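Visitor: What follows is a predicted protein model with its sequence.
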Amino acid sequence: MRQPMVIANWKMNMTLSDSEEFVRRFTAEDVGGGGVEMVICPSFIALSALSLLLKETSLLLGAQNMYWEKAGAFTGEISPLMLREIGVRYVITGHSERRTYFGETDEDVGKKAETAFAMGLVPVICVGENGEERRAGKTKEVIGRQLLTAVQALHEEADWRRLIVAYEPVWAIGTGVPARAEDAAVVAACIRSLLHEKWGEVAAAVRILYGGSVNPDNITEFTARPGIDGALVGNSSLKPASFAAMVNAVSAERRG
Ligand code: 13P
């Protein structure tokens, strides 16, 4: 059984005090949330303080990025050891904004995923085609290249089972125009089948999320699809009430 999850990717939003306020207000929300894993990915600056605040809650912590070395002369980078020490559990790798603005490659994503597992973190590998690739009918080709390069270095079956893949079509991110749920489900099935070809039955354990203009009103269109196990959410995760509404919606949908 794959546990559904909702991950908040705050991107470069929310100061430390905003982040602390979010947690205080979120814990005051009526979050039934039964069975849904809830993860927030604040800025690096806020991770340490939030890791203390979250101890009293059922929210888990994720980072938005990391470097693939444990330590060394890499000015400005954050090591997986630093993340692990403060209780970070997940790390987003290969987000399209990192690929587009910071030149992250499929190979970089693979190195990050490999190191994340080696250091006891779980990578959330993001894949997704841009608008031009979509119009050219290249979605599956792009997803296949991004995914298979990124998972190439993962050799432990125990890691494969814990992997999370987020399908985030670039054209749907921050636009208010999500993918159609049926199209997202087709891509999710394609991701699982690529992993099945590579890893066999273990692929059934991998959680696959959808991201791109998800909000409280549309989240269950995605999570109601059997192959989609949750959502990676940007804008709509910045408000405690909205994040709580998404968690509650998924929880209710799963309980039927
Ligand atoms: P939006 O939910 O703002 O479209 O962002 C999606 C995303 O990029 C999450 O990683």
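Guide: Nice, thanks for sending it over. Numbers count the residues shown, from 1 in each chain.
Visitor: And the helix or strand that contains residue 246, what does it pack against?
Guide: For residue 246, the element it lies in under DSSP states H and E is helix 240-255. Helix 240-255 is packed against strand 5-9, helix 16-28, strand 37-41, helix 219-223, strand 230-233, with contacts defined by 3 or more C-beta pairs under 8 Å, 6 or more residues apart in numbering; DSSP states H and E. Glycine gets a C-beta too; all of them are placed from N, C-alpha and C.
Visitor: For the ligand, what's the nearest residue on the chain?
Guide: Of all residues in the chain, residue 234 sits closest to the ligand, at 2.5 Å by C-beta to the nearest ligand atom.
Visitor: So, low pLDDT: which residues of the chain?
Guide: Scanning the chain for pLDDT under 70 picks out 33.
Visitor: Return the residues of it in contact with the ligand.
Guide: 9, 95, 168, 173-174, 211-214, 232-236 (C-beta under 6 Å from any ligand atom).
Visitor: In helices, which of the residues you listed fall?
Guide: Using DSSP state H to define helices, no part of these is located there.
Visitor: Return the members of these classed as buried.
Guide: 9, 95, 168, 173, 211-214, 232-236 (16 or more other C-beta atoms under 10 Å).
Visitor: Would you mind listing the two of those that lie farthest apart?
Guide: The most widely separated members of these, counting by C-beta to C-beta, are 95 and 236 (16.4 Å).
Visitor: can you put the helices and strands packed on helix 240-255 in JSON lines and add distance to residue 158?
Guide: Formatted as JSON lines, those follow (distance: least, C-beta to C-beta, whole Å):
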{"stretch": "strand 5-9", "distance to residue 158": "19"}
{"stretch": "helix 16-28", "distance to residue 158": "31"}
{"stretch": "strand 37-41", "distance to residue 158": "18"}
{"stretch": "helix 219-223", "distance to residue 158": "26"}
{"stretch": "strand 230-233", "distance to residue 158": "21"}
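Visitor: Most tightly packed of those?
Guide: strand 230-233 (a mean of 28; mean count of other C-beta atoms under 10 Å).
Visitor: Okay then, goodbye and thanks.
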